[in-house]
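sharing a sequence plus its predicted fold:
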Amino acid sequence: MVKYQEPLELMGVPGSPYTRKMLALLRYRRIRHHLLPGSRHRVATDGDGDRYRARPMPKVPLLPTFYGRDENGEEVAVCDSTPLIREFESLSADRSVIPAAPAFGLINSILEDYGDEWLTKAMFHYRWTYEPDIKKAGQMLPRWNNITASDELMAERSQEISDLQISRLRYVGSNPVTRTTIEDSFQRFLGLLDNHLNSFAFLLGKRPASCDFAVYGQLTCLALFDPTSQQLVLEHAPRVHAWTEVMEDLSGFELMDNDWIINSEADTELPPSLSAILKEVGAVYVPYLLANAKAAKNQQQQFKTTIADEDWEQQTFSHQYKCLQWLLNERAELSNGQGAHFDLLIGNTEISHLFKQIPGLS
Ligand SMILES: N[C@@H](CCC(=O)N[C@@H](CS)C(=O)NCC(=O)O)C(=O)O
């Protein structure tokens, strides 16, 4: 059991959507924190290494990395924003980002996972497919943790980092077969979010949930940084651009009672704009998660499926199999009444397919 105490310490960089997700969440929750300069190689700043003490490495080094203490008081490094958010709930009872009604909590987890694991496909795709995006990211990524480095060194690092990230497109499944599916689905999501934000300040009502921070994290890249996707957002969904900027610092945002759309089992209906978002999630992310899980279970390296009537193929991603298992576990923990409440809320969206037994998947 890892213990965390304030001020929380984390390592991350501005261009990491998950770092931005967590920083915005900590600001909103008013949890004191220190952001340590970070890099993929976990060297604090080149040529200035003595300024920061050595830190343990996480099992899989990802940004952001948080530091806590194990039961022996040893410092440990931990990654993965979704379970960490749930751990940090206990740091303070106020300003929770998890809805109190468990069925609505599961909807939050599904949307959070969609933000983290599906929208990131669009983020990675736009950033490392189009020339202006590759150029900008190539220039900025190496500079974020080394502002004073020479232009020559940065040119070298730019090339290295761009080559590495482009080679990683296969992990997210961006390739000539999936390109239209990724782009169409991102544009549909933009329209749906823009429409929802017309009536609600956040995805689940008048207060932010962890799913808002997940979506926000990816949008810090898609809406605010990468030129090709930013152009799309500005043209088709300017409200989403503004929302992303507002999400960054909600430290002064005040809550009122009943700010969630669903506050208890007595509330059984979602607004059409939120149901439409769940329908989109059900149509694209659910078939993806199921096909990936089946491939992971069968130890296949690659898999093919159909998403939104188009072919999809990519390398199997074991982390996303784990994500599905978390969702299945959360569904299994619901009581009969809460399960029935959840079924009412998701209505006839394909989200229900996630929780049906499929052959080869336990
Ligand atoms: N599931 C993780 C994902 C974190 C992640 O993928 N971080 C990226 C940066 S945004 C990373 O560190 N990639 C490996 C690298 O850059 O070396 C989370 O939610 O925190």
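Nice, I can see it.

any idea how far residue 98 lies from residue 294?
To residue 294, residue 98 is 29 Å away according to Cβ to Cβ, to the nearest Å. (Each C-beta comes from the backbone N, C-alpha and C, glycine too.)

ok, then the element right after the strand or helix carrying residue 215?
Residue 215 belongs to helix 210-222 when assigned by DSSP states H and E. Counting by DSSP H and E, the next helix or strand C-terminal to helix 210-222 is helix 227-236.

and that following helix, what does it pack against?
If contacts are counted by 3 or more Cβ pairs under 8 Å, 6 or more residues apart in numbering; DSSP states H and E, helix 227-236 sits against helix 120-129, helix 131-140, helix 179-197, helix 210-222, helix 238-247.

now these as TSV including distance to residue 25 and mean pLDDT?
Below are these laid out as TSV (distance: least, Cβ to Cβ, whole Å; pLDDT from 0 to 100):
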stretch	distance to residue 25	mean pLDDT
helix 120-129	17	98
helix 131-140	23	96
helix 179-197	18	98
helix 210-222	4	99
helix 238-247	10	98
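
please confirm that residue 305 is located within a strand.
Yes - counting by DSSP: H, G, I helix; E, B strand; the rest coil, residue 305 is located in a strand.

just give me the neighbour total for it.
Here the number of neighbours of residue 305 (other Cβ atoms under 10 Å) works out to 16.

correct me, but it touches residue 312?
Yes - applying Cβ atoms under 8 Å, one finds residue 305 in contact with residue 312, separated by 5.0 Å.

got the confidence number for the nearest residue to residue 220 once chain neighbours are set aside?
Excluding its sequence neighbours, the residue lying closest to residue 220 (Cβ to Cβ, 6 or more residues apart in numbering) is residue 20, at 4.3 Å. Confidence at residue 20, expressed as pLDDT, is 98.

host element of residue 20?
helix 17-29.

could you do residue 76 as well?
strand 75-79.

okay, the angle between that strand and helix 17-29?
Interaxial angle, strand 75-79 versus helix 17-29 (axes from the mean of the first three to the mean of the last three Cα atoms, to 10 degrees): 110 degrees.

which strands and helices sit next to the next helix or strand after strand 75-79?
Reading on from strand 75-79 to the C-terminus, the next helix or strand found by DSSP H and E is helix 81-88. Here helix 81-88 touches helix 17-29, helix 102-113, helix 210-222, helix 318-332, going by 3+ Cβ pairs under 8 Å, 6+ apart.

quick one: which of those helices is nearest the ligand?
Nearest to the ligand among the helices and strands packed on helix 81-88 is helix 17-29 (3.7 Å), distances taken as Cβ to the nearest ligand atom.

what is that closest one packed up against?
strand 8-12, strand 33-37, helix 81-88, helix 210-222.

need these in CSV with distance to residue 156, can you?
Below are the helices and strands packed on helix 17-29 laid out as CSV (distance: least, Cβ to Cβ, whole Å):
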stretch, distance to residue 156
strand 8-12, 23
strand 33-37, 20
helix 81-88, 31
helix 210-222, 24
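
common neighbours of residue 305 and residue 312, please.
Here residue 305 and residue 312 have 288, 291 as joint contacts, going by Cβ atoms under 8 Å, 6 or more residues apart in numbering.

show me what contacts the closest residue to residue 224 other than its chain neighbours?
Spatial nearest neighbour of residue 224, chain neighbours left out: residue 244 (5.9 Å); criterion: Cβ to Cβ, 6+ apart. Neighbouring residues of residue 244 by Cβ under 8 Å, 6+ apart: 216, 219, 220, 223, 224.

rerun that using 10 Å as the cut-off
Residue 244 is in contact with 20, 24, 215-224, 233, counting by Cβ atoms under 10 Å, 6 or more residues apart in numbering.

next one: residue 307
Per Cβ under 10 Å, 6+ apart, neighbours of residue 307: 173, 178, 181, 182, 185, 283, 284, 285, 286, 287, 288, 291.
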